[in-house]
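no FASTA, just this:
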Ligand code: ZN
């Protein structure tokens, strides 16, 4: 009886070890898959920079572009104050909706401070701007007109498609080929366009606090020498203002140089 019990005990231990080994193998597989999925997702939206990231480009210095979409708003002034204090350049992809009409004059201050002004959308309403290529360029025309009193509009040649260049929400209104058409047309018209590879997720419905915004950025930036960070300066993104000094400090500590989107492109072109 005792010998049988001992044998059962040994078999039990062997089985437990086998189960543990099997679980560990499965767990490693899942981690491996998650790792690659994260990289695939963060690189895919950024067509402009995915190529250099994918080739393991090491000649470039570590650069970071802080980009602010959907403003100006009441949160733009505090953002400008922080950027000035920290002596950090940024890029603003602006809108011209009813909601931010009162803040449009701030565009002149953004430009005067040496930041880059770029185009995003007048209405930012997907159903309107992605109804057809014509509708999209009409919206861009309206945005340029709204900016005219404040900045030299002819000098603006960068844009960011609302929802990003690989968005699928546009397919609902303008068909599955609309983004491809718009990208080709943008290039024909002499525009550069850019997405992002680091997402602050600061304008999501969950309204993350400043600490979460910083965590989101650190998660996406990890391992990238070129970071284009998507942030927002709408009236709802007060937590972005709160997080900004820590975001700047994080990139400084990691050895990045801050630049505008146009400056990053110039550096890339110089090296390539
Ligand atoms: Zn936007």
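Thanks, I have it. This one's a predicted model, so the numbers in the text were calculated from it and none came from an experiment.

What segments of the stretch 1-150 of the chain are helices?
2-43, 47-54, 76-86, 106-112, 126-129, 133-147 (DSSP state H, counting those that start in this stretch).

If I average pLDDT within each of these, which one is lowest?
Out of the helices of the stretch 1-150 of the chain, helix 47-54 stands lowest, with a mean of 36 (criterion: mean pLDDT).

which residue ranges form the helices in the stretch 151-272 of the chain?
171-174, 178-188, 210-221, 238-253, 261-271.

For the shortest one, list every residue counted as buried.
Of the residues in helix 171-174, those scored as buried under the neighbour-count criterion (16 or more other CB atoms under 10 Å) are 173, 174. C-beta: built from backbone N, CA, C; applies to glycine.

Contacts for that helix, please.
126, 127, 130, 131, 132, 133, 135, 136, 178 (CB atoms under 8 Å, 6 or more residues apart in numbering).

rerun at 10 Å
The contact list for helix 171-174 (CB atoms under 10 Å, 6 or more residues apart in numbering) reads 125-136, 177-179, 181-182.

any idea how far whichever residue of the stretch 101-250 of the chain sits closest to the ion is from residue 229?
Nearest residue of the stretch 101-250 of the chain to the ion: residue 162, at 4.8 Å (CB to the ion). Distance from residue 162 to residue 229, counting by CB to CB, to the nearest Å: 17 Å.

close enough to count as contact, residue 156 and residue 116?
Yes. If you go by CB atoms under 10 Å, residue 156 and residue 116 touch, sitting 8.7 Å apart.

which of those two has more neighbours?
Per other CB atoms under 10 Å, whichever of residue 156 and residue 116 has more neighbours is residue 116, with 21 against 18.

ok, and the closest non-adjacent residue to the more buried one?
Nearest residue to residue 116 in three dimensions, chain neighbours excluded: residue 260, at 3.9 Å (CB to CB, 6 or more residues apart in numbering).

so what pLDDT did the nearest residue to residue 237 once chain neighbours are set aside get?
Excluding its sequence neighbours, the residue lying closest to residue 237 (CB to CB, 6+ apart) is residue 202, at 5.3 Å. The model reports residue 202 with a pLDDT of 97.

cool, residue 237 as well?
For residue 237, pLDDT reads 96.

quick one on the thing from earlier: can the helices of the stretch 151-272 of the chain go into CSV with extra columns for distance to residue 66?
Converted to CSV, the helices of the stretch 151-272 of the chain look like this (distance: least, CB to CB, whole Å):
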stretch, distance to residue 66
helix 171-174, 30
helix 178-188, 23
helix 210-221, 10
helix 238-253, 7
helix 261-271, 10
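
Using a markdown table, please lay out those helices together with distance to the ion.
Formatted as a markdown table, the helices of the stretch 151-272 of the chain follow (distance: least, CB to the ion, whole Å):
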| stretch | distance to the ion |
| --- | --- |
| helix 171-174 | 16 |
| helix 178-188 | 15 |
| helix 210-221 | 16 |
| helix 238-253 | 13 |
| helix 261-271 | 15 |
